[in-house]
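*Asks:* give me coordinates for this.
(chains A and B)
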There are 2 protein chains.
Amino acid sequence: MTMNPFFEKYRASIEESIIAFLTKKKDELSSVNIWGEDLMRRFSGFAGQGKMIRGGLVILSYLMYKGNDPGWIVKTASAVELIHSSLLIHDDIMDRDYVRRGEKTLFAQYQELGENEKYHDPVHFGESFGICAGDIGFFLAFEILSEVDIYPEAKGKIFNLWSKELTLVGLAQMQDVYFSISNLEPGEDEILDLYRFKTARYTFSLPLMTGAILAGQDTKTALHLEKLGECIGIIFQIKDDELGLFGDEKEIGKPVGTDIEEGKKTIYSHYLLKSVRGEDRKSVQNILHQKINTKSALETLRDISQKAHVHDMIRKKILSLSEEAKQLIYGLNIEVKYREILLDILEYNINRER
Amino acid sequence: MTMNPFFEKYRASIEESIIAFLTKKKDELSSVNIWGEDLMRRFSGFAGQGKMIRGGLVILSYLMYKGNDPGWIVKTASAVELIHSSLLIHDDIMDRDYVRRGEKTLFAQYQELGENEKYHDPVHFGESFGICAGDIGFFLAFEILSEVDIYPEAKGKIFNLWSKELTLVGLAQMQDVYFSISNLEPGEDEILDLYRFKTARYTFSLPLMTGAILAGQDTKTALHLEKLGECIGIIFQIKDDELGLFGDEKEIGKPVGTDIEEGKKTIYSHYLLKSVRGEDRKSVQNILHQKINTKSALETLRDISQKAHVHDMIRKKILSLSEEAKQLIYGLNIEVKYREILLDILEYNINRER
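*Replies:* Alright, predicted model coming up:
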C-alpha cells in the first residue's frame, strides 16, 4: 500500500522549501551565537524527512478549489510541516522517545552532546535544548506564514486557525501525559477525544481548512473539511496504535511497543481490557500495568487480541468512521480527480503498514 | 524609586484585558478536557501579575506617534505580556526556578499536583505540563494578535516581528543554559550579547517597535527604537543581576542568589573574576564554581565586590549605556511629555530596587 502519487509529487518540493528556508535562517542566525547554525542544521535533517502528509494536504485542498498552484502554497505547506516537527520535538521530551524517523530525537541528540562534553546532568541539558528547539520551530513556522505572499485578510484568518488549533493540541497533549502517568482507565469517548484533539485535527482538519481558506472558500466548506479531517485523522491514529503495537520496526522507523512502556491509553488497550476475562485478562493487565515491552509480551497481546476478536472490533470502528468520511467526501463540491485522491488517502490510512 | 505613573495608569487595563481573554478561553476550552479550565485559571493567577512593563511600552510607543488610544492597543499589549509569561514558564523549567512573582512557578505547581496525587515521577509530570503550558501561552498570544482589529498589513508585519524576535530569544536561552552548564568563562561581549537577545530586545525593543509599527511609523523609526530598547534592556538586565545577587528577597519576589546555584554567567561574576587576585579570587571562584548560595557566601561576594570596586565598574558600564540611550531618546521626533516618560523609564531601570 503506497500513498497516492499526488503526495509523492509534492513531497520533494515541500522538503526543498523547508531546507531553503532553514538554510537562509542558518546564515541569518549564525551571528547570534553558535546555536543558530547548529539548530538549523539539525532541523534540516529532521524536518526534511517524513511523509509530508500535512503539507501535501494543504496543497491538495488549495488545488481542489483553485486548480492552479500559486507558488506560495508550497511555502504554507512547509510551515505546517515545521509546526508538526516542533510538536514532535516537544512530544518526544515528554514521552522520553529516543528514536523518531529512524534517527535520534532532537532532545536525545543534545543529551548525547551533553554526555560527550561531560556536562553535569546531560539529561536536563538535552531536555532544555529540546524545549528551546521546539519553541523556535513554532516561531519559524509563523515567520514563514507571515512572509507568504497571500492577501492580508487570509493571513489573519490562517494565523487565527493555527493558533486556536495548536492550543487544543497542547491541551490534548496534557491529557495524554496525564492518562499515561495515572492509573485511570479512560472510556472510549475520552480516548477518541484525545485522538481528535491531539492528532486528527491538526494532521488532517487543519491542513484541509488552511488550503480551502487560502483558496477563498467560506466557513461552511471549512467546517465540512474540519469534520472530514477528524474522521480520517481518528482512523490514522487508530492505525498508529496498531502499528505501534504490532507493526514492523524497520517500516515505521521507531521501536515497537513503546506505547506500553509509556503507559499510553490507546483504543487497543481499551478494547482489549473490555473484551477479555479470566487468565487472559490477568495477562493483559500484567503487561499493561507493569509496562512490559518484550517480544513475548507483544506476542501474548497479539494472540489474546486475536482470540478475543479485538482486531474485528477495531476494524468495525474504522469502517464506521470510513463510511462517515466517504459520505463527507461525496458531499464536497470538487472535481472527480480530487475526490479520487481523497478516497485514496482514506483507503491508504486504513491499510497502511507504516 | 517607582515606575512612571504612565505604567501604573495602564497596568490595570492590561491586566483586565488578559483576564477577560483567559476567562473567555476558559469557557471555550472546558469542553476539550479538564486541563483547559485548570490551565486558564493558573494562567490568570500568573499572567495577571507583574509590572506590565512590556505591555505598557507597546501602549506608550503607540501613543508617542498617534496620540489617541484606539481601544485595541491594550489587547496587543496583553498579547505581549502573555508571550512574556510563556517565556518565563519555559525558562523556569530549564533553570529549575520554583518561585516567581512570590508564587510557585507553573511547572512547580503541576509538580506539586503530581506529588499530591502520588503520580510516578511528579518532576517529569510537572515539567511536561509546563512545556505544554508555555506552548499554549504562545499560541494564545498569537490568537489575540490575530483577532485584534488593526489593518491587515500591520498585522502581518507584527507577526513577522514577533516570530523573528522569539527565535532569537530561544537561541539566547540555549546559550544561557549552555553557559550555566559548562565551565566556560565567557567574555564581556558574549555576556552582553546574551543579555541583548535573551532579555533586552524582547522586553524593550519589541514592544517599542510594535507600538510604532501599529502607529504607521517607518522602518527608520523602528530601527531607532530597536537600538534604544537594546540600551535600556541591557541596563535592565545588569540591574537584574545585581538584585539577583544583593537584592531584597521580599522586594523582588524570588529567592536571592539562585543565579549562583544555577551557574549563571553574569556581568557581575565576570567583572568580579576579572578584578580580584589572591585569596579573594580563590574565595570568589570557590563560591561560583561550587555554586554555594548561603547568606555568608553572598556577604563575602558583596564585600569582595566593594573592595575591588566592581560596583563602580558596573556603574560605569551602566552610565555609558545610559548616555547612549539618552542621545537616542533626544533623537526621537516625539512630544516632550513622551520624551520625559522615556527618560524616566531609563532612570527607573538604573535605580530600581525590585
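*Asks:* how about the lowest-mean-pLDDT helix or strand in chain A as CSV, C-alpha atoms only?
*Replies:* Here the helix or strand of chain A ranked lowest by mean pLDDT, DSSP states H and E is helix A:249-252, holding a mean of 78. Extracted in CSV, the C-alpha atoms of helix A:249-252 (Å, rounded to 0.1, in the frame of the first residue of the first chain):
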residue,chain,number,x,y,z
GLU,A,249,10.0,-1.7,13.5
LYS,A,250,12.0,-1.1,10.3
GLU,A,251,8.9,0.0,8.4
ILE,A,252,7.7,2.5,10.9
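*Asks:* list the helices and strands that helix packs on?
*Replies:* helix A:219-246 (3 or more Cβ pairs under 8 Å, 6 or more residues apart in numbering or on different chains; DSSP states H and E). No exception for glycine: its C-beta is placed from N, CA and C like everyone else's.
*Asks:* which positions in the least confident helix or strand of chain A come out as buried?
*Replies:* Buried residues in helix A:249-252, defined by neighbour count with 16 or more other Cβ atoms under 10 Å in any protein chain shown: A:Ile252.
*Asks:* one more: stretch A:79-89?
*Replies:* Result for stretch A:79-89 [16+ other Cβ under 10 Å]: buried residues A:79-89.
*Asks:* kindly report the same for stretch A:328-342.
*Replies:* So for stretch A:328-342, counting by 16+ other Cβ under 10 Å, buried means A:328-329, A:332, A:334, A:338, A:341-342.
*Asks:* show me the strands in the stretch 1-150 of chain A, by range?
*Replies:* Secondary structure of the stretch 1-150 of chain A (DSSP state E, counting those that start in this stretch): strands at A:99-100, A:103-104.
*Asks:* mind checking which of those strands is nearest chain B?
*Replies:* strand A:99-100 (16.7 Å; Cβ to the nearest Cβ).
*Asks:* neighbouring strands - and their directions - for that closest one?
*Replies:* Under the criterion DSSP bridges, strand A:99-100 sits next to strand A:103-104 (antiparallel) in its sheet.
*Asks:* check what contacts the partner strand and list those residues.
*Replies:* Contact with strand A:103-104 is made by A:45-46, A:49, A:98, A:112, as judged by Cβ atoms under 8 Å, 6 or more residues apart in numbering or on different chains.
*Asks:* show the buried residues in those.
*Replies:* Neighbour counting over these (16+ other Cβ under 10 Å) leaves A:46, A:49, A:98 as the buried ones.
*Asks:* how about the nearest residue to the residue in chain A that chain B sits nearest to, chain neighbours excluded?
*Replies:* Nearest residue of chain A to chain B, counting by Cβ to the nearest Cβ: A:Pro152, 3.2 Å away. Using Cβ to Cβ, 6 or more residues apart in numbering or on different chains and skipping the chain neighbours, the partner closest in space to A:Pro152 is B:Pro152 (3.2 Å).
*Asks:* residues contacting that neighbour?
*Replies:* So B:Pro152 contacts A:152-153, A:155-156 (Cβ under 8 Å, 6+ apart).
*Asks:* most widely separated two among the contacts of strand A:103-104?
*Replies:* Longest distance between any two of the contacts of strand A:103-104 is 18.8 Å, between A:Gln49 and A:Glu112; criterion Cβ to Cβ.
*Asks:* and the stretch 151-300 of chain A, which residues reach chain B?
*Replies:* Applying Cβ under 8 Å from any Cβ of the partner chain, one finds that the stretch 151-300 of chain A approaches chain B through A:152-153, A:155-157, A:159-160, A:162-164, A:166-168, A:170-175, A:177-178, A:181-182, A:190, A:193-194, A:197.
*Asks:* mind checking which of those are in helices?
*Replies:* A:152-153, A:155-157, A:159-160, A:162-164, A:166-168, A:170-175, A:177-178, A:181, A:190, A:193-194 (DSSP state H).
*Asks:* in a markdown table: the contacts of B:Pro152, plus pLDDT.
*Replies:* Compiled in a markdown table, those are given as follows (pLDDT from 0 to 100):
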| residue | pLDDT |
| --- | --- |
| A:Pro152 | 81 |
| A:Glu153 | 85 |
| A:Lys155 | 91 |
| A:Gly156 | 92 |
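*Asks:* where does pLDDT dip in chain A?
*Replies:* A:1, A:48 (pLDDT under 70).
*Asks:* can I see the domain layout of it?
*Replies:* A:1-149, A:154-354 (automatic domain parsing).
*Asks:* ranking those by burial, who's on top?
*Replies:* When you average the neighbours per residue for each of these (mean count of other Cβ atoms under 10 Å in any protein chain shown), domain A:1-149 leads with a mean of 20.
*Asks:* for B:Asp38, which of the domains of chain A is the nearest?
*Replies:* Among those, domain A:154-354 comes nearest to B:Asp38, with 8.7 Å by Cβ to Cβ.
*Asks:* now the closest one: how far from the chain's centre is it?
*Replies:* Centroid displacement of domain A:154-354 relative to its chain, using Cα atoms, centre = their mean, to the nearest Å, is 10 Å.
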